[in-house]
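Asker: sequence and predicted structure, then a few things I'm wondering about:
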Amino acid sequence: MGASGERISHGGDSIAVARQLGCRVEDLADMSSNLSPLGVADGVIEAVRARVDEIGFLPESGSEALRECFAGTYGLKLDQVLAGNGTTEFIFGAPASLRPSRAIIVSPTYGDYRVACSWAGIETETFALPAENDFNLDLDLLADRLRGGEMVFICNPNNPTGGWVDSEHLHRFVAAHPASRFLVDEAYLPFTGKKSLMELPLLKNLLILCSYSKMYCIPGIRLGFLVGTGESLEQLGKRLRPWGVNRIAQIAGEYLCHNSASYVETVCLFVQRERPKFVTALTTIPGVEVIPGCTNFILGRLHGTMRAGQLRNEMLQRRIVIRNCADFEGLDERYFRISLMDEATNGRCLEALGEILG
């Protein structure tokens, strides 16, 4: 429960689910958390194990070496990158530090954007994506809502819908509205192989979130980055806690900056191959509609009498965890989300869904 009384709900709470079911975490197929379908990135565990004695050292207070590695990957300067205890640190830190006049949240989307603004005392407005248009974002309609002074939260690709706006198109839109500030969360962009906003000229009114938890399947480490111009990051950077990134996370992040390209390519190819197969099979199950998307998770809508909460409970009996999306603003009890895993687990999931819904 948040300080404002708002409850924060997330997928991927496999430890709690296993405790609830009385089983081991490794007995669960957690398809609720949007992590890489291929598991922990190659070499990370070995890299951490080789330097685990460094938990006896204080981490670099500002993660300077890690930020230099990350900046080098994208051709950025050190003052254009901040490292944090997951992107959550910046989702909550940005509205609290930058104090926009209000926030506009493109919804349905990740719930912490709204909670972060509520905790900071920032008034929020919803820009609702229409279900009849598969929740696609129309930037022209969004432009009509901008007055200046606001912070606009855009998840691209969007969680949980999987919709995406071309980065160059989005970059032009942000540049055309300099009086508004935009926070764009690219947590799932690496799964698509598409161009990042970090590869385009940085804009003073643009902040870009990059998560290492999702693509590299290391959510327990908590590591994320915020990218922007030196000027746009200065105020937020002054309010970051020293030693905000622990030493294990720094070691893992430095390793991944130098050694992850082939793993990312392999994951992208897997998603490009497996997603269409999974979607095709899912649409053959009676009463299931799939919302078009481009990333490693799929949003489904139920059309029969079954509701997502009941479907999740039925799947739990088979030790498969899916996401009930009824708590996303703009969705209801018909919506569920499934994250791809390895091919065998995906097949097991489809078989279970067919048994329950067929």
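Answerer: Received the coordinates, thanks.

Asker: need the contact list for the spatially most central residue of the chain.
Answerer: Centrality entry for the chain: nearest residue to the mean C-alpha point is A187, 4.0 Å, by C-alpha atoms, centre = their mean. Applying C-beta atoms under 8 Å, 6 or more residues apart in numbering to A187 gives the contacts N34, T87, C155, N159, L209, C210, S211, S213, K214. The C-beta positions use only the backbone N, C-alpha and C, and glycine is treated the same way.

Asker: can you report phi and psi for the second one?
Answerer: The one in question is T87. As for T87, its main-chain torsions (degrees, to the nearest 10) stand at phi -70, psi -20.

Asker: count the residues that sit near the closest residue in space to it that isn't next to it in sequence.
Answerer: Nearest residue to T87, sequence neighbours excluded (C-beta to C-beta, 6 or more residues apart in numbering): G224, at 3.4 Å. The burial count assigned to G224 is 25, neighbours taken as other C-beta atoms under 10 Å.

Asker: gap between L299 and V288?
Answerer: Look at L299 and V288: by C-beta to C-beta, to the nearest Å, they are 11 Å apart.

Asker: the more surrounded of these two?
Answerer: Each of L299 and V288 has its neighbours counted (other C-beta under 10 Å); L299 has more, 26 against 20.

Asker: pretty sure the more buried one contacts T161?
Answerer: Yes. With contact defined as C-beta atoms under 8 Å, L299 counts as touching T161 (5.3 Å).

Asker: what about the strands in the stretch 101-250 of the chain?
Answerer: Taking DSSP state E, counting those that start in this stretch as the test, the strands found in the stretch 101-250 of the chain are 102-107, 124-128, 150-155, 181-185, 206-211, 224-227.

Asker: do the same with the stretch 251-358 of the chain
Answerer: Listed in chain order, the strands found in the stretch 251-358 of the chain under DSSP E, counting those that start in this stretch are 288-291, 297-302, 320-321, 323-324, 335-339.

Asker: so for F92, which of those sits nearest?
Answerer: The minimum distance between F92 and these falls on strand 323-324, with 21.9 Å, by C-beta to C-beta.

Asker: from the contact counts, what lies against that closest one?
Answerer: Helices and strands touching strand 323-324, by 3 or more C-beta pairs under 8 Å, 6 or more residues apart in numbering; DSSP states H and E, are helix 308-316, strand 335-339.

Asker: before we move on, back to that, make JSON lines out of the strands of the stretch 101-250 of the chain and add distance to L82 and mean pLDDT.
Answerer: Converted to JSON lines, the strands of the stretch 101-250 of the chain look like this (distance: least, C-beta to C-beta, whole Å; pLDDT from 0 to 100):
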{"stretch": "strand 102-107", "distance to L82": "20", "mean pLDDT": "98"}
{"stretch": "strand 124-128", "distance to L82": "24", "mean pLDDT": "98"}
{"stretch": "strand 150-155", "distance to L82": "17", "mean pLDDT": "98"}
{"stretch": "strand 181-185", "distance to L82": "13", "mean pLDDT": "98"}
{"stretch": "strand 206-211", "distance to L82": "10", "mean pLDDT": "98"}
{"stretch": "strand 224-227", "distance to L82": "4", "mean pLDDT": "98"}
